[in-house]
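J.: What would the 3D arrangement of this be:
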Amino acid sequence: MLAKFLLIIYIGKYLSIDELGEYGLFVITVTIAIYFLGLDFYTYNSREILAKEEKKRLALIRDQFIFHLLVYVVVLPLLLSVFLLGLIDIEYLLYFYLILVFEHLSQELYRLYTTLKKPIFANFLLFLRTGLWVYAILILWISEKKETMNLETVWVGWLIGSLLSIMIGVVYLKKEYDRTILSKKIDWKWIKNGIKVSIPFFIGTLAYKVIEFSDRYMIDYYMTKADVGIYTFFSGIANTVNIIVFTLVIMVYYPLLVEQYQQKKNDLFEKTLKIFSQKTMLYSLASCLLIFGLIGFVLDFMGKVEFHNHIDTLWVLVIANIILNISFVAHYILYAAQKDIVIRNATLVGAGVNILLNIILIPYYGIVGAALATLISYTVIFMIKYHKSKLIVIK
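T.: This is a model prediction of the structure:
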């Protein structure tokens, strides 16, 4: 979390605001493309793994990655459109594809170990993928190694971190399970069923990403790369509210909620849900206070007046992330109860609201208009999910 926070600060300090905008567009394009590679299949396999006895889980894991390999064959060539449309500079094509594949595989391993209730190891892999390499780059930049102060250094570091996390994650997996189970035939019927189940989640997730990232593309269309850079910086800072809660609360408690709901342990489910709700609120507010206390020092350190001039955008985005975190309480109640269509529909409504508001607000209010669109969209989603979650009981 600290690494992500520092990386965006130092990019903003040592590189141009236009390059910060280029970085922002590259990152969100990779992030969105990852969802097309994964199709949210993990949402199906997570429940399947938790419902199976431990010795049968490795076959499910293998079949999931067979599915991803097939998706690669179809999706990766289609992603050339990213460069044809000019969303990313063609000089970054090789970095884009390598980072995309390694990042996706690393992310799936992270999710897998979260499902297997190994959050410490999952976070270790996450640290390798998003943390350790950042510190190496920051040491080079602080040491004023001018030749490394460019985006290419960031891409190389990202590649190394993702690859390292994959290698360690796979080795640990091989030690953990009896590989003789892999002699079983690939269960194509199971994969086909997984696609049917995961597609509603994928549509919902894609809608979430529309809310989270479409504003960057629209700012780029209506305004400038520099404006994208400023918005990317504030969005990255505000997103730490979500990262902290997901890492310290959600990834710890959501497997328990699913397991307890499936096993009809009503008392335990309600107890876990209460702790989950309280910690979500507590960590969200604590994160907000942390940002409030540090942002002045951060902006002074960066020494660019453009960020001071748009500070109101940050506070709107922080509030939006708090509301998003609170909505996850209702989200995981619905998820445990397999109300996938409800989750998808709520998010689609929010995405529709977001696109409309971005089109209306950005031309008149600039980047704060994009932040307001995000805030209102998350509020709409929260209200829908909260209402629907109140109807859920363990039968």
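J.: Provide a list of residue ranges in the stretch 251-395 of the chain with pLDDT below threshold.
T.: Applying pLDDT under 70 to the stretch 251-395 of the chain flags residues 393-395.
J.: now do 90
T.: Counting by pLDDT under 90, the stretch 251-395 of the chain shows low-confidence ranges at 251-273, 294, 298, 301-308, 329, 332-345, 347, 388-395.
J.: All the helices of it, in order from the start?
T.: For the stretch 251-395 of the chain, the helices defined by DSSP state H, counting those that start in this stretch occupy 251-262, 266-302, 305-308, 311-336, 340-365, 367-389.
J.: Export the ones you listed as a markdown table, with columns for mean neighbour count.
T.: Quick note: C-beta positions are derived from backbone N, CA and C, even for glycine. Output for those, formatted as a markdown table (neighbours: other Cβ atoms under 10 Å):
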| stretch | mean neighbour count |
| --- | --- |
| helix 251-262 | 20 |
| helix 266-302 | 15 |
| helix 305-308 | 14 |
| helix 311-336 | 22 |
| helix 340-365 | 19 |
| helix 367-389 | 22 |
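J.: Out of the ones you listed, the one nearest residue 75 is which?
T.: The closest of the helices of the stretch 251-395 of the chain to residue 75 is helix 340-365. By Cβ to Cβ, the value is 20.5 Å.
J.: distance between that closest one and the chain's centre?
T.: 18 Å (Cα atoms, centre = their mean, to the nearest Å).
J.: That helix packs against which elements?
T.: helix 188-222, helix 311-336, helix 367-389 (3 or more Cβ pairs under 8 Å, 6 or more residues apart in numbering; DSSP states H and E).
J.: what about the helices of the stretch 251-395 of the chain, which gets the closest to residue 45?
T.: Using Cβ to Cβ, these put helix 251-262 closest to residue 45, at 12.2 Å.
J.: Show the backbone phi and psi for residue 187.
T.: phi -90, psi 90 (degrees, to the nearest 10).
J.: Not counting its neighbours along the chain, what's nearest it?
T.: residue 63 (5.6 Å; Cβ to Cβ, 6 or more residues apart in numbering).
J.: Same question for residue 116.
T.: residue 49 (7.1 Å).
J.: rewinding a little: out of the helices and strands packed on helix 340-365, which comes closest to residue 144?
T.: Closest among those, using Cβ to Cβ: helix 311-336, at 28.7 Å.
J.: Residue 142 versus residue 237, what's the distance?
T.: Distance, residue 237 to residue 142, using Cβ to Cβ, to the nearest Å: 20 Å.
J.: Of the two, give the one with the bigger neighbour count.
T.: residue 237 (22 against 10; other Cβ atoms under 10 Å).
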